[in-house]
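Trainee: Sharing a sequence plus its predicted fold:
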Amino acid sequence: MPASPPNRRALFQGLALAALAVAGVTMAAHRGDAAASLPSSAAGSAYDYKFTSIDGDPLPLSQFKGKTILVVNTASLCGFTPQYKGLEALYTAYKDKGLVVLGVPANDFHDQEPGSNKEIKHFCDANFAVDFPMTEKETVTGDKAHPFYKWVSAAKGAPKWNFHKYLISPEGALIAAFPSKVEPESPELKAAIDAALPHSS
């Protein structure tokens, strides 16, 4: 008995799927954007995420499109708390060049941010004259972390302590992360910011 002819429908479906797969690989290879080079867990943009300001107003990161953003999880009772002074100085020096510093108060590490949003704001105003934007208190590690922190943690690791820093490009891509010990005045951080500013080529 002669062999049965191949199932034409199955053959067509197989060829179609193969063509789609090849096209997808080709598109990814030529896109040249952040999503093509990052793992799927880190794909996307910071502009996909929203916070609430420490005053209770909506604070979508998309409002900072075209600016470089330094996102820092902060705390009032930490050995690194004096970094508020350096962060404010950094913001003052670079804001006209396109830098936004965004403070995210968090109580994830040894209960070092126990206060309410109102108390945190008063502490920052009274002790460091903080003028850069701040969010309401958030969780930045674990399953209950804010979605932005889940995104950055998947690509660059979660914060291990207060005053961990993430640098976001003017296009919304995650550029780099810096541990708490990297101070706002450090040449390492300033060099990364200088390279990421909107006017940089």
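Mentor: That came in fine, so what should we check first?
Trainee: and stretch 140-156, how far apart are its ends?
Mentor: With C-alpha to C-alpha, to the nearest Å as the measure, the ends of stretch 140-156 fall 13 Å from one another.
Trainee: For residue 159, report the pLDDT, please.
Mentor: Turning to residue 159, the model gives it a pLDDT of 98.
Trainee: doesn't residue 80 make contact with it?
Mentor: No - using C-beta atoms under 8 Å, residue 159 makes no contact with residue 80, being 11.4 Å away. The C-beta positions use only the backbone N, C-alpha and C, and glycine is treated the same way.
Trainee: Look at those two and report which has more neighbours.
Mentor: Using other C-beta atoms under 10 Å as the criterion, residue 159 and residue 80 rank with residue 159 on top: 25 against 19.
Trainee: residues touching the more buried one, list them.
Mentor: Residues near residue 159 by C-beta atoms under 8 Å, 6 or more residues apart in numbering: 73, 106, 108, 140, 141, 149, 153, 180.
Trainee: repeat that for 6 Å
Mentor: 73, 140 (C-beta atoms under 6 Å, 6 or more residues apart in numbering).
Trainee: ranges for the strands of this structure?
Mentor: Per DSSP state E, the chain carries strands over the ranges 50-52, 58-60, 68-74, 99-105, 165-168, 174-178.
Trainee: for the chain, what spans make up the helices?
Mentor: 8-31, 34-37, 83-94, 117-128, 147-156, 187-196 (DSSP state H).
Trainee: before we move on, the earlier item: save the strands of the chain as TSV, and put in distance to residue 120, mean pLDDT and mean neighbour count too.
Mentor: Shown next, in TSV, are the strands of the chain (distance: least, C-beta to C-beta, whole Å; pLDDT from 0 to 100; neighbours: other C-beta atoms under 10 Å):
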stretch	distance to residue 120	mean pLDDT	mean neighbour count
strand 50-52	13	98	17
strand 58-60	15	98	14
strand 68-74	8	98	26
strand 99-105	5	98	24
strand 165-168	18	98	23
strand 174-178	22	97	19
